[in-house]
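Novice: Got a predicted structure here, sequence first:
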Amino acid sequence: MALLIQKFGGTSVGNVERIQAVAQRIASSKEEGNDLVVVVSAMGDTTDELTALAQTISSNPPQREMDMLLSTGEQVSIALLSIALDKLGVSAVSMTGTQVGIVTESAHGRARILEVKTERLKNLLNEGKVVVVAGFQGTTLSSRGTSEITTLGRGGSDTSGVALAAALGADACEIYTDVPGVLTTDPRKVPEAQLMKEISCDEMLELASLGAAVLHPRAVEIARNYGITLFVRSSWSDQPGTKLTSKSS
Ligand code: ADP
Ligand code: ASP
Ligand code: MG
């Protein structure tokens, strides 16, 4: 039995059928005896659509309000996925970044995670629940001591997943996405791109600096620094995908 963090990106939860397919995958993994924390992104292009909506009102919206707006995308996904899991008879509970204890810096729109308070998460896991966490968001304490919603920057759900893996000492973090893993280059631009079975975190950071947006660079840094076993895999198949290696893993 393992404790796994599984993160599903926007395309993987892009419509109801895909959410149901993700729920099936989670149910099978739970059935195999794993403890699961699942992190999800907003459905499809929701984050882009919400950004465009704000832009129709102002070309310079307040960052605090953008975080308030964009964080709703992930909140829709966690609720729908938890409903789909419940329908399959899997006991699941959805959690916002704030509820799950993801504490960040105060920089709205690009906040870095400072700490994950794991007590509530651990209690829920002990009860046998699948915990479904909203990616890309956290909470910061304002100067007045009140809490504020923050977001981690575009693509930040990967970082939510890896940070949770580090905080919980998970056995692995699996990033499920719409390509078979990390390829030599973007397969949407270069069809001959080759899947890499293994890549080091340092090599991945180099690829990312050249534009490979398959993983949030901050997620790769955390995986490297904490020796997290990280996989990038397809949501549509059972293929193993790509394993990211770090010195200590
Ligand atoms: P998700 O919504 O699952 O987080 P992203 O869009 O953030 O997915 O990342 C996956 C996308 O990254 C792929 O659809 C692919 O077009 C792009 N990509 C860019 N470079 C690479 C690469 N070297 N290997 C794999 N995918 C890549
Ligand atoms: N929904 C956010 C984005 O589109 C975060 C993520 O998907 O990782 O950037
Ligand atoms: Mg992404």
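Specialist: That came through, no problem. Ligands and ions are numbered 1, 2, ... in the order given.
Novice: From the centroid of this protein, which residue is nearest?
Specialist: Centroid-nearest residue in the chain: residue 157, 3.2 Å away (criterion: C-alpha atoms, centre = their mean).
Novice: I figured it hits residue 38, correct?
Specialist: No. With contact defined as C-beta atoms under 8 Å, residue 157 does not count as touching residue 38 (11.0 Å). No exception for glycine: its C-beta is placed from N, CA and C like everyone else's.
Novice: Can you check which residues contact both of those two?
Specialist: residue 7 (C-beta atoms under 8 Å, 6 or more residues apart in numbering).
Novice: residue ranges of the strands in this protein, please?
Specialist: For the chain, the strands defined by DSSP state E cover 3-8, 35-40, 92-95, 102-104, 113-116, 130-134, 137-141, 147-151, 172-177, 198-200, 230-234, 242-245.
Novice: Can you list the neighbours in contact with the fifth one?
Specialist: The reference is to strand 113-116. With C-beta under 8 Å, 6+ apart, strand 113-116 has contacts from 100-105, 138, 152, 159-160, 163-164, 166-168.
Novice: same question, the last one
Specialist: Residues external to strand 242-245 that are found in contact with it (C-beta under 8 Å, 6+ apart): 181-182, 195-201, 204, 220, 223, 229-233.
Novice: burial count for whatever residue of the chain ends up closest to ligand 1?
Specialist: Going by C-beta to the nearest ligand atom, ligand 1 is nearest to residue 9 of the chain, at 1.8 Å. Per other C-beta atoms under 10 Å, the neighbour tally for residue 9 reads 23.
Novice: now residue 219
Specialist: Neighbourhood size, residue 219 [other C-beta under 10 Å]: 29.
Novice: Looking at this structure, which residue is nearest ligand 3?
Specialist: residue 155 (4.2 Å; C-beta to the ion).
Novice: And the contacts of stretch 83-96?
Specialist: Residues outside stretch 83-96 that contact it (C-beta under 8 Å, 6+ apart) are 19-20, 22-24, 26-27, 30, 71, 74-75, 78-79, 81-82, 120-121, 124, 127-134, 137.
Novice: same thing but 6 Å
Specialist: Identification of contacts with stretch 83-96 by C-beta atoms under 6 Å, 6 or more residues apart in numbering yields 19-20, 23, 27, 30, 78-79, 82, 124, 129-134.
Novice: go on, stretch 146-157?
Specialist: Under the criterion C-beta under 6 Å, 6+ apart, residues 7, 39, 41, 67-68, 70-71, 104, 108-111, 135-140, 142, 159, 216 lie in contact with stretch 146-157.
Novice: Kindly report the same for stretch 58-67.
Specialist: The contact list for stretch 58-67, computed with C-beta under 6 Å, 6+ apart, reads 54, 108, 109, 149, 150, 151.
Novice: in it, what counts as buried?
Specialist: Within stretch 58-67, the residues that count as buried by 16 or more other C-beta atoms under 10 Å are 66, 67.
Novice: what mean pLDDT would you report for that stretch?
Specialist: For stretch 58-67, mean pLDDT is 98.
Novice: For it, measure first residue to last.
Specialist: 15 Å (C-alpha to C-alpha, to the nearest Å).
Novice: Centre of the chain to that stretch, how far?
Specialist: Relative to the centre of its chain, stretch 58-67 is centred 23 Å away, using C-alpha atoms, centre = their mean, to the nearest Å.
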